[in-house]
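[1] Need coordinates for the below:
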Amino acid sequence: MHDQTIEHQPSCEDELNIGLLTVAQAQARILDGVTPVTDAETVPVREALGRVLAEDIISPIDVPSHTNSAMDGYAVRAHDLPAEGVREFTVPGTSWAGRPWPDPIEPGQAVQIMTGGMMPAGADTVVMQEQVEREADTVRIGSGHRCGQNVRQAGEDLATGQQVFSAGRLLSAADIGVLASLGLGETRVWRRLKVAFFSTGDELRPVGEPLGPGEIHDSNRYTLYGMLEKLGVEIIDLGVVRDRRELIEQAFREAAESADAIITSGGVSVGEADFVRETLEKLGSMSFWKIAMKPGRPVTFGRINDAVFFGLPGNPVSVMVTFFVFVRQALRKMSGTTGASDVLTLHARTTTALRKRPGRFEFQRGVLEQVAPGEFTVRSAGAQGSGILRSMSEANCFILLEPDRTSVDAGEQVAVQPFRNLI
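    This is a model prediction of the structure:
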């Protein structure tokens, strides 16, 4: 007679996950297990946007290179300005931006000067043109001005020999403008990280092909491509790999030969056709494959030769959540980026009730709004199923619900992480 009970194995529906890694533990283990690239290249400054500096930048010049006016007005000696009443000054000429007045200023003179114009020798103060009365070659200036007003000193922005940027900085549009202001036409950056990715599943069909019974379009490769593109890495798309041991092993070998990191979606669960995890164990090493989080419990991290491996779940939302939580920061570190995380955590008042059972760290999708300076509200983006990709499209943040937290009433404070400009 057969036993009338069935021993259940751990599944994605379990809320209490005894012995599984926490989100923080998995993040720490991943970051400890990856190292930055070590190869650098020299690129024109205009092509350095979104790249990571491979050298410290030391200013070779003063910026600005000369003391100049911050306003259109009149350059004078502060000593000549009246303490009270009005004084008349003679105007010998004009100092234009790029065409400075050649002579030292004399007592009682006011040289007309344009914004960016070089200060005449002897002048130390600029009076705005709106605060004077001009008639022919004379100008009348009243009291109430201070020495040094409206003047930008040489080296005020950057001084010769000053460290401007440190290696590991992800260069922004403002950064490449600063490099250009230093007269630097090119700079050293770390090479682009190479990331290979593919999806697994017999049910997946490329976009544009008709669907058969039980088939779906492969959206995961498109979201992965978009998230990788945001990081500025070199992308190697290996397409859809069928659920065959030999095909998955071949894809693993090809990816490991060409990439620094490998990302898969699907095939890391416990199903009979989920071969990704067993292939990783055969060809490389596995650090972990289960995390106490929702969505995205089955996440695999390991290594194949010199390439690190991230095995993400197959559900579309789980792919994006686990990429944001684990993969993104790891790839930033591997690309050579240093410094603090660029993910911001805020607190907001929820305007909708949020359902949750204790046990797992949940990343619910929400819509964040600023209602006053420093004050935010958030509402649920709707159905939270891991297959509802629309929830990621309509949301702009994750609502972070800690493992021991239960359902949240409207009006309570919750932690949120905005993601709209990050993935």
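[2] By mean pLDDT, point me to the weakest helix or strand of this structure.
    Across the helices and strands of the chain, mean confidence by mean pLDDT, DSSP states H and E is lowest for strand 204-205: a mean of 69.
[3] Just the CA coordinates for the helix or strand hosting residue 239, please, in CSV.
    Assigned by DSSP states H and E, residue 239 belongs to strand 234-241. The C-alpha coordinates for strand 234-241 follow below in CSV (Å, rounded to 0.1, in the frame of the first residue of the first chain):
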residue,chain,number,x,y,z
GLU,A,234,29.3,45.3,-25.6
ILE,A,235,26.3,43.0,-26.2
ILE,A,236,26.5,39.5,-27.6
ASP,A,237,23.0,38.1,-28.3
LEU,A,238,23.0,34.4,-28.7
GLY,A,239,19.2,34.1,-29.3
VAL,A,240,16.9,31.4,-28.1
VAL,A,241,18.4,28.1,-27.1
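[4] just checking, next helix/strand downstream of that strand?
    Of the helices and strands lying after strand 234-241 in sequence (DSSP H and E), the nearest is helix 245-258.
[5] Counting neighbours, which bits of that following helix end up buried?
    By 16 or more other C-beta atoms under 10 Å, the buried positions in helix 245-258 come out as 248, 249, 251, 252, 255, 256. All C-beta spots, glycine's among them, are computed from the backbone N, C-alpha and C.
[6] and that helix with strand 234-241, angle?
    Using axes from the mean of the first three to the mean of the last three C-alpha atoms, to 10 degrees, the inter-axis angle of helix 245-258 relative to strand 234-241 is 180 degrees.
[7] quick one: what helix or strand has the spatially closest residue to residue 65 that is not a sequence neighbour in it?
    In space, residue 65 comes closest to residue 154 once its chain neighbours are excluded; the distance is 6.4 Å by C-beta to C-beta, 6 or more residues apart in numbering. Taking DSSP H and E as the definition, one finds residue 154 inside no helix or strand.
[8] tally of neighbours for residue 154?
    A count of nearby residues for residue 154, using other C-beta atoms under 10 Å, gives 17.
[9] Please name the residues that touch it.
    Listed by C-beta atoms under 8 Å, 6 or more residues apart in numbering, the contact set of residue 154 reads 62, 64, 65, 66, 67.
[10] hey, where'd the helices end up in the protein?
    23-32, 173-181, 220-231, 245-258, 276-283, 316-322, 328-334, 390-394 (DSSP state H).
[11] Can you add mean pLDDT and give those back as CSV?
    Shown next, in CSV, are the helices of the chain (pLDDT from 0 to 100):
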stretch, mean pLDDT
helix 23-32, 95
helix 173-181, 96
helix 220-231, 92
helix 245-258, 91
helix 276-283, 85
helix 316-322, 93
helix 328-334, 97
helix 390-394, 89
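[12] Out of those helices, which gets nearest to residue 133?
    Residue 133 lies closest to helix 173-181 among the helices of the chain, at 36.5 Å (C-beta to C-beta).
[13] tell me what that closest one is packed against?
    The contact analysis (3 or more C-beta pairs under 8 Å, 6 or more residues apart in numbering; DSSP states H and E) places helix 173-181 against strand 163-165.
[14] which one of the contacts of residue 154 sits closest to residue 112?
    Out of the contacts of residue 154, the member with the shortest distance to residue 112 (by C-beta to C-beta) is residue 67, at 16.6 Å.
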